[in-house]
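>>> coordinates for the following, if possible.
(chains A and B)
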2 protein chains.
Amino acid sequence: MNGAQSLIRTLVDAGVDVCFGNPGTSEMHFVAALDTVPEMRGILGLFEGAVTGAADGYARIADKPAATLLHLGPGLANGLANLHNARRANTPVVNVIGDHATYHKKYDAPLESDIEALTGTLNGWARRSASTAEVGADAAAAVAAAMDPPGRVASLILPADVSWGEGGEACEPVPPRTAPSVSESAIKSVAEVLRTGEPAVLLIGGRACREAGLRAAARIGAATGAKVLVETFPARIERGAGLPMVERLGYLAEQVAYQLDGVKHVIVAGTRPPVSFFAYPGKAGDLVPEGAQVHTLAEVDQDMVAALADLADLVAPGTEPVVQEAGRPALPTGDLTPQNWVDVIGALLPEGAIISDEANTSGLLLPAATAGAPRHDVLTLTGGAIGQGIPVATGAAIAAPDRPVINLESDGSALYTMSALWTQARENLNVTTVLLNNRAYAILRMELQRVGAEGSGPKAAELLDLSTPDMDFVKIAEGLGVPATRATTAEELADQFRTALAEPGPHLIDAMIPPLL
Amino acid sequence: MNGAQSLIRTLVDAGVDVCFGNPGTSEMHFVAALDTVPEMRGILGLFEGAVTGAADGYARIADKPAATLLHLGPGLANGLANLHNARRANTPVVNVIGDHATYHKKYDAPLESDIEALTGTLNGWARRSASTAEVGADAAAAVAAAMDPPGRVASLILPADVSWGEGGEACEPVPPRTAPSVSESAIKSVAEVLRTGEPAVLLIGGRACREAGLRAAARIGAATGAKVLVETFPARIERGAGLPMVERLGYLAEQVAYQLDGVKHVIVAGTRPPVSFFAYPGKAGDLVPEGAQVHTLAEVDQDMVAALADLADLVAPGTEPVVQEAGRPALPTGDLTPQNWVDVIGALLPEGAIISDEANTSGLLLPAATAGAPRHDVLTLTGGAIGQGIPVATGAAIAAPDRPVINLESDGSALYTMSALWTQARENLNVTTVLLNNRAYAILRMELQRVGAEGSGPKAAELLDLSTPDMDFVKIAEGLGVPATRATTAEELADQFRTALAEPGPHLIDAMIPPLL
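Have a look, this model is predicted:
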């Protein structure tokens, strides 16, 4: 077999059987090899940001990596922003980055660039495959590295001649490490802190945002009075009726100050102490209240769920977690507003939904409206690089074909990776995109005030305006093969949302909502 | 004044008075400062690939840089592919990349990443502005670096607190170097080669692809029998009636072998000896024929136009260049084909047009069809990173508001940076996009054969297919605010092309053309 065939066979044997790709000439042997390994599913994205974001969304739901297929440095560069989000989500991803043949690099042909410099920014695992005989082993190592706790982006650079050369050998999977346990003494030490009864916050992240972690954290909170919070942008959080309702740490420093007011201890499990998303003149970047102590129960790469369970058994042996009762908001009526659209979602969210949430400012009131809805997962914008929502929804739908995927998407962010809608149409994915069209970079209007930028006038305002001309997302979606409708009232949104959920395949609703601020 | 104000004032004083941007929170003081420097024009792009491509197109026409405004590492990453093309075009660009405040970086907030690693891949000039007092001088240095022959991408990283701090000082422009002259002995040495009468090719690039260089090269060719060729992907080439018609070096190695068959001397001026765009199994990457000698008349950063003129005076003192006679193809009739659509363009191309050419396989016959058309410029895909065409057309139209801009665009490439159409609508730019919709990555179908990828079947074919579902570029363009029509016959294309040219503002024609191969 050739190198490409051994690579794909090795990936499949290690459980990686989906490859999102946008290939070029240097990847043609990989593309041809797909036909020789029937278990590998190749899925075309029309832009690499769609490809990498789909791989992120897939792994957040499947708990195993997808592969990506990217075309040299520029292809990787196009996918880098969503890989940045994947890095912040600790998502396992296996990039296969095609490159010129080894002997061709010296010519500095037009597409030549420094691929290693780009992979280096992902702080993950990266290797250039040196020979056809080794590429199978490289692939096995890449999967193991991607799965190494807490998960990371692994990038395998595949020179064209390594790919097309004969003498490839498929390789056995390399078992990934399991997450290291937290020491008993560390758990006991946090238990002592909680037993002081001083005001404390337990801030959880990573895997702790799933049911087992949430239940353990809620037990601890109920027994000790500690306030339990989830990190601001969890990769995946399980929510809804029957699960503990745990508030997320705020995006704005002002919110966080309110949430942490008076706290003497900040205990972190699977996340880091809170910092401000951006710096603002005269305001602190470290959001731990002055005088409060930080205690680390579990690092992000440790088994934070077991640590929380052990801690709960210490400090809350007989305590059951308080769970959210079932309950939905009433269906609202009248023109859509930032306040009422979330109630439509809360009222109609189907059982087992996956929400890809890039609603940004429009979504501020969403968590309350969906708290008592049937159980669902929410995937958030982990790295702040916009353009995540549509691709992540696409990948999640590939991972969970039987679950409804809801993409709550902002107009400004949607334009970054709009073409992922086409992949949804091509693969007939059950994704309903609610496009929150407020005709502005609304978050930046707010931020322009918050950073205290004085003297701003019409030129600044123009750079944050998306209404000249207005965008018609119905037409854009239809142009990409996705049926679409426009909602201007809550009733229309409810009708269209119901229809979209009932019909197979993707839909988009262009929801005309005024800016929150 | 604050840092941002001193930066913008310095840019304007150095002649940089257009800024394409997509800002975020860390750039809000720069955005606000636009209102304090009236000479600076801020132009919003909805994605950084549109922003950087527009800056490239602007400078190729304006012969001076535009600024870009990018949001931290992910914003730069999104713009990197078109900056790669700008790098290969030797286009002057001044990037302003906002970053977290200096004191905030230690928190590793979600958008933190290694910006320097990304700027490093551009092989240009990069600096992180260290203090508000210095940012003016940094900006002046950035403009001079961008303009340093042959032109490059200069990247200034602007921490938020350096931007918002008080004590900024606007700085005088730093005069850029002029291009170094080629030595008299180098010119004489090439003259000797030409006088041998042995078969020779003169391959020109860079500034030599404008009128003065073309005329000098054509004189040399006429007098010595040397064959004159232009590099495969020139940043900007002047063409049309009254100018020497100089063929471009082919994209395919097979074409180049034909063009260079029997040549004993390859003389390069302002470009490099020919290499294959990609490696192919068993084929050479170095396209200089075996036994031929390479002679460098002028390096890419030298004054290649003066060198060609001096060489012409030595070897062709009394010779006038052969120039292209005026002449257009007849308007074709019937269904659109890869063969006839180029004749529509050739028949109707207006005087002084700028062609942003990303037609790829569909454009193979374009040069012959437009050779005798009125004078025009062609901007080509210099770095091979697709998604260049729409942004470059946008920037070119900003640089030359009185010239018609024609964007010949492929379906596959268009999807990368489609949102630049919205900027064309917003700025009411005279850009006519002819979208060559062959419903495939047609070039890759060809390449799949050329690389000899055996065993490819339906899965491979599916990854190169753009027809399931079909994309409706009329709807996509209209959704982005650009009037659009569909042409399936040559008559329709001619009618719609005429109308688009006659009406102000942007237009898109979705031209349904079967694949060439």
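>>> chain B contacts on the stretch 151-300 of chain A?
Those residues of the stretch 151-300 of chain A that sit near chain B, judged by Cβ under 8 Å from any Cβ of the partner chain, are A:160-161, A:164, A:233, A:272, A:275-279, A:281, A:285-286. C-beta coordinates here come from the backbone N, C-alpha and C atoms, glycine included.
>>> show the buried residues in those.
Among these, the ones that count as buried by 16 or more other Cβ atoms under 10 Å in any protein chain shown are A:160-161, A:164, A:233, A:275-279, A:285.
>>> domain ranges for chain A, per the record?
Using automatic domain parsing, the domains assigned to chain A come out as A:3-164, A:184-315, A:341-512.
>>> for the shortest one, measure first residue to last.
One end of domain A:184-315 to the other measures 14 Å (Cα to Cα, to the nearest Å).
>>> rewinding a little: now tabulate the residues of the stretch 151-300 of chain A next to chain B in CSV and tack on distance to A:T361 and pLDDT.
Formatted as CSV, these follow (distance: Cβ to Cβ, whole Å; pLDDT from 0 to 100):
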residue, distance to A:T361, pLDDT
A:A160, 45, 98
A:D161, 50, 98
A:W164, 49, 97
A:F233, 15, 97
A:R272, 25, 96
A:V275, 21, 96
A:S276, 17, 95
A:F277, 13, 95
A:F278, 15, 95
A:A279, 20, 94
A:P281, 21, 93
A:G285, 22, 94
A:D286, 25, 96
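>>> ok, so of these, who is nearest A:K106?
A:D161 (13.2 Å; Cβ to Cβ).
>>> which one is the closest one nearest to, not counting chain neighbours?
Sequence neighbours aside, A:A101 is the residue nearest to A:D161 in space, at 3.8 Å (criterion: Cβ to Cβ, 6 or more residues apart in numbering or on different chains).
>>> residues contacting the one you found?
With contacts taken as Cβ atoms under 8 Å, 6 or more residues apart in numbering or on different chains, A:A101 has the following neighbours: A:26, A:159-161, B:279, B:285.
>>> that one and A:L72, how far apart?
The span separating A:A101 from A:L72 equals 12 Å under the rule Cβ to Cβ, to the nearest Å.
>>> now A:Q255
As judged by Cβ to Cβ, A:Q255 and A:L72 stand 43 Å apart.
>>> more crowded one of these two?
Just comparing A:Q255 and A:L72: by other Cβ atoms under 10 Å in any protein chain shown the higher neighbour count belongs to A:L72, 26 against 15.
>>> surely that one touches A:D114?
No - judged on Cβ atoms under 8 Å, A:L72 makes no contact with A:D114 at a distance of 10.7 Å.
>>> immediately after the helix or strand of chain A with the lowest mean pLDDT, which helix or strand?
Taking mean pLDDT, DSSP states H and E as the measure, chain A has helix A:442-450 as its least confident helix or strand, at a mean of 87. Later in the chain than helix A:442-450, the nearest helix or strand by DSSP states H and E is helix A:458-463.
>>> which helices and strands does that following helix pack with?
On a contact count with 3 or more Cβ pairs under 8 Å, 6 or more residues apart in numbering or on different chains; DSSP states H and E, helix A:458-463 meets helix B:28-33, strand B:41-44.
>>> okay, now the unreliable bits of the stretch 351-500 of chain A?
For the stretch 351-500 of chain A, no stretch has pLDDT under 70.
>>> how about the strands in it?
Assigned by DSSP state E, counting those that start in this stretch, the strands in the stretch 351-500 of chain A fall at A:353-358, A:376-379, A:405-410, A:431-437, A:484-487.
>>> could you give the number of residues near the nearest residue to A:D35 once chain neighbours are set aside?
Of all residues not flanking A:D35 in the chain, B:G457 sits nearest, at 3.8 Å (Cβ to Cβ, 6+ apart). By other Cβ under 10 Å, 11 other residues sit near B:G457.
>>> also the one 5 residues further on?
Residues within reach of B:E462, counting by other Cβ under 10 Å, total 16.
>>> ok, it touching A:G42?
Yes - counting by Cβ under 8 Å, B:E462 does reach A:G42; the two are 7.1 Å apart.
>>> now A:L83: which helix or strand?
Using DSSP H and E, A:L83 sits in helix A:72-89.
>>> pLDDT of that helix, averaged?
On average, the pLDDT along helix A:72-89 is 98.
>>> can you point out the buried residues in it?
For helix A:72-89, by 16+ other Cβ under 10 Å, it's A:72-89.
>>> just want the angle from the helix or strand following that helix to helix A:72-89.
For helix A:72-89, the succeeding helix or strand toward the C-terminus, using DSSP H and E, is strand A:93-99. In terms of direction (axes from the mean of the first three to the mean of the last three Cα atoms, to 10 degrees), strand A:93-99 departs from helix A:72-89 by 170 degrees.
>>> gap between strand A:93-99 and the chain center?
Mean-position distance between strand A:93-99 and its chain equals 19 Å (Cα atoms, centre = their mean, to the nearest Å).
>>> for the very next helix or strand once past that strand, buried residues please.
Counting by DSSP H and E, the next helix or strand C-terminal to strand A:93-99 is helix A:115-120. Across helix A:115-120, burial judged by 16+ other Cβ under 10 Å covers A:115, A:117-120.
>>> which residues touch helix A:115-120?
Against helix A:115-120 from outside (Cβ under 8 Å, 6+ apart): A:72-73, A:76-77, A:80, A:95, A:97, A:99, A:126, A:128, A:155, A:157, B:114, B:117-118, B:120-121.
>>> same deal with stretch A:146-155?
Counting by Cβ under 8 Å, 6+ apart, A:59, A:64-65, A:76, A:83, A:86-87, A:89-95, A:97, A:119, A:122-127, A:142-143, A:145, A:176-180, A:206-207, A:270, A:300-303 sit against stretch A:146-155.
>>> for ChimeraX, what selects the buried ones among those residues?
Only the buried members of these enter the following ChimeraX selection, criterion being 16+ other Cβ under 10 Å:
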select /A:59,64,65,76,83,86,87,89,90,91,92,93,94,95,97,119,122,124,125,126,127,142,143,145,176,179,206,207,270,300,301,302,303
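>>> no further queries at this time; thank you.
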